[in-house]
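[1] Sharing a model prediction with you, sequence too.
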Amino acid sequence: MSARDLNSYTSVSDLIDRTSPDEPVFCYWPEAVRARASDFVSNFPGRTLYAVKCNPDPNMLRWLHEGGVRHFDTASRAEIALVRDLFPDAHCYFNHPVKSREALRFAYDLHGVRDFVVDHGGEFDKILEVLGSEVLIEVRLAVSNRGATYDFSTKFGAGHDVAAGLLKRTGQVGANAALSFHVGSHSLRPEAFVDAIAEAKAVFEAANVTVRYLNVGGGFPVDYDGQVPEIGQYFDAIRRGHAQLGKWSDLPLYCEPGRYLAAHGMAILVQVHLRRENALFINDGVFGSLSEVNVMKFEPPLIAYGRARVLRGEPVPFKIFGPTCDPQDELPVTFTLPDDIDEGDWILIERMGAYSNALTSDFNGFGGRTSVVIEGVPGMDLEAG
Ligand SMILES: Cc1ncc(COP(=O)(O)O)c(C=O)c1O
C-alpha cells in the first residue's frame, strides 16, 4: 500500500459530509507527520531511529522518511521486511532483546542487520553461535522508569553488573559494543535522561571497553490531556547528561522514539451508535484502537461533529463504551463532550497516531477500519466553526 492509495479530504467535515462513516476512520495529516519528524531529526543531538511498533502503517513510515527518518528500531522479521521493502537503503536495528535463531539469520543474511540488542548472557551466546562476532552487540541497561507512564524496566534490561559483564564479553569476542536504555514510555521527567546517562557512565567505567554509541531510547511524551515538558527540555537534559560522560562525552548518541513522532499526525474518527443518558456507545473501544486509553487512562483532545458542523454544546462528562458485547469494553476515563451530542454524531479523537491502529483486533466482528488523508492541519475544523 502506498500513500497514493488513500482517499483524501479537505477536512474532517468534508469526510463526514461525503462518507458518513459508521466504522472508525484513521485520519492522517501527512504534513504534520513530516514536520514533526523533520523537527525532531534536526534537533536531537545524534541519530534518530523510529520505533516501528508504534505505528507500522506504510504511509506513516513513508511520511516519516520524507521528514528525514532513515533509521528504524525493528523488533521482528515482519517489521524489518516492511521497512526494507519500502526503503531498500534503510538501516534496521534489531532492538528486541529476545530473538529466534531463524529471525537472527533472516535479519543478518537477507537485510544486512548488524546491530542486535541483548540483556542476558543466553541471548549473547545465541547471537555468537548463530552469527559469529561480526556484529554490534547493544547491551540494554535497565534504568529507573520513575516519571514514565509505562515502566519498561521490569520485562527488559540488565542490571549494572550484568550489563558491564556483557559489554566486557563483547569486547573479548571482538564484536562491536554499544549501550542502550529506555526511561519508560511517555516520560514526564526530562531529568530521567540525565539520571539514566549517569547510570550508563557507571556501566562504561565498570566494563572499560570501547563502545560505539549510546542509545537513549524513546519515552518522549505527547500532550494528550495536560501539560508535558517541551521537547527542547528533553534534548537539553540529554545534552547535559552527555556532557557529564567524561571520557565518553564524544560518544555518538542514538534515540528511538515512537509515540512522539507518530501521535500528532493521526486522529480517529468514531461514531456514536447510542446515547444512553450520560453514556455513549461508540464504534471503537479497548479491543480496537483505544487500548492505550484503557492502559494509560487519559482523555485525549476531542472534537464532536454533527453532520458537517462542530458541536458546541455545554461540555459534560460521558462514560464511553466500545462496540463489542464484552463488558470490559468500557474506557476507564470519561470523555468531556458537548451535552447535545447524540446517536449518529461523530467524535474526532486527536493525537492517536501512536499505539492505536498497531494494536487493533477484530474481536466480536468489529474490525472494519479505513485510513484517509486530511489536507491542512489537525484542529482546522475547530477554527472554521
Ligand atoms: C525498545 C523500544 N524502543 C523504543 C520504543 C518507543 O518508545 P516511545 O513510544 O515511548 O518513544 C519502544 C516502545 O515500546 C521500545 O520497546
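    Noted; the coordinates are in hand.
[2] Residue in the chain with the shortest distance to the ligand?
    The minimum distance from the chain to the ligand, using Cβ to the nearest ligand atom, falls at residue 218 (2.3 Å). (Glycine included, C-beta is placed from N, CA and C.)
[3] For that residue, which residues are in contact?
    Counting by Cβ atoms under 8 Å, 6 or more residues apart in numbering, residue 218 makes contact with 51, 182, 185, 255-260.
[4] In helices, which of those fall?
    Among those, the residues falling in helices (DSSP state H) are 259-260.
[5] Now the contacts of residue 218 in a markdown table, please, with extra columns for pLDDT.
    Output for the contacts of residue 218, formatted as a markdown table (pLDDT from 0 to 100):
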| residue | pLDDT |
| --- | --- |
| 51 | 98 |
| 182 | 96 |
| 185 | 93 |
| 255 | 98 |
| 256 | 98 |
| 257 | 98 |
| 258 | 98 |
| 259 | 98 |
| 260 | 98 |
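[6] just the contacts of residue 218 that are near the ligand?
    51, 182, 185, 256-260 (Cβ under 6 Å from any ligand atom).
[7] Tell me the predicted confidence for residue 307.
    Listed pLDDT for residue 307 reads 86.
[8] got a list of what it touches?
    Residue 307 touches 16-17, 20, 344, counting by Cβ under 8 Å, 6+ apart.
[9] which residues of this protein score low on pLDDT?
    1-4, 148, 308, 380-385 (pLDDT under 70).
[10] Around the ligand, which positions in it sit nearby?
    So far as Cβ under 6 Å from any ligand atom goes, the chain lies against the ligand at 51, 53-54, 73, 95, 182, 185, 217-220, 256-260.
[11] hmm, back to that, compare the contacts of residue 307 and tell me which is most surrounded.
    Counting neighbours by other Cβ atoms under 10 Å, the top entry in the contacts of residue 307 is residue 16, with 23 neighbours.
[12] Is that one located within a helix, as I assumed?
    Yes: membership of residue 16 in a helix is supported by DSSP: H, G, I helix; E, B strand; the rest coil.
[13] pretty sure it contacts residue 305?
    Yes: the pair residue 16 / residue 305 is scored as a contact, 5.7 Å apart, by Cβ atoms under 8 Å.
[14] anything in contact with each of the two?
    With Cβ under 8 Å, 6+ apart as the test, residue 16 and residue 305 both reach residue 346.
[15] If we ignore the residues flanking it in sequence, what's nearest residue 91?
    Excluding the flanking residues, the one nearest residue 91 by Cβ to Cβ, 6 or more residues apart in numbering is residue 71, at 4.8 Å.
[16] ok, the one you found - contacts?
    By Cβ under 8 Å, 6+ apart, the contact set of residue 71 is 47-50, 90-93, 254.
[17] Just those residues: which are in strands?
    Judged by DSSP state E, the contacts of residue 71 include 47-50, 91-93, 254 as members of strands.
[18] Of these, which is the most crowded?
    Result: residue 50 is most packed of the ones in strands among the contacts of residue 71 (other Cβ under 10 Å), 31 neighbours.
[19] Secondary structure element for the nearest residue to it once chain neighbours are set aside, which one?
    Of all residues not flanking residue 50 in the chain, residue 69 sits nearest, at 4.8 Å (Cβ to Cβ, 6+ apart). Remark: residue 69 resides in no helix or strand, with elements defined by DSSP states H and E.
[20] Could you do residue 262 as well?
    Judged by DSSP H and E, residue 262 forms part of helix 259-262.
[21] What lies in contact with that helix?
    Contacts for helix 259-262 (Cβ under 8 Å, 6+ apart): 33, 36-37, 40, 50, 54-55, 60, 64, 69, 185-186, 218, 220-222, 231, 353-355.
[22] and after it, which helix or strand comes next?
    strand 266-276.
[23] can you pull the buried residues of that next one?
    Neighbour-count burial for strand 266-276, counted by 16 or more other Cβ atoms under 10 Å, picks out 266-272.
[24] sorry, back to before: now the residue nearest to residue 91, which residues is it bridged with?
    Per DSSP bridges, the residues bridged to residue 71 are residue 49, residue 91.
[25] how close does the closest residue to residue 297 other than its chain neighbours get to residue 156?
    With sequence-adjacent residues excluded and distances taken as Cβ to Cβ, 6+ apart, residue 297 is closest to residue 332, at 5.0 Å. In this view, residue 332 and residue 156 are 26 Å apart by Cβ to Cβ, to the nearest Å.
[26] higher neighbour count, those two?
    Taking neighbours as other Cβ under 10 Å, residue 332 and residue 156 compare with residue 156 leading, 18 against 12.
[27] Would you mind giving the secondary structure of that one?
    coil.
[28] residues contacting it?
    Counting by Cβ under 8 Å, 6+ apart, the residues that residue 156 touches are 97, 119, 140, 142, 182.
[29] Name the nearest residue to it, sequence neighbours excluded.
    Nearest residue to residue 156 in three dimensions, chain neighbours excluded: residue 97, at 5.0 Å (Cβ to Cβ, 6+ apart).
[30] which SS state does the one you found fall under?
    Quick answer, by three-state DSSP: residue 97 is coil.
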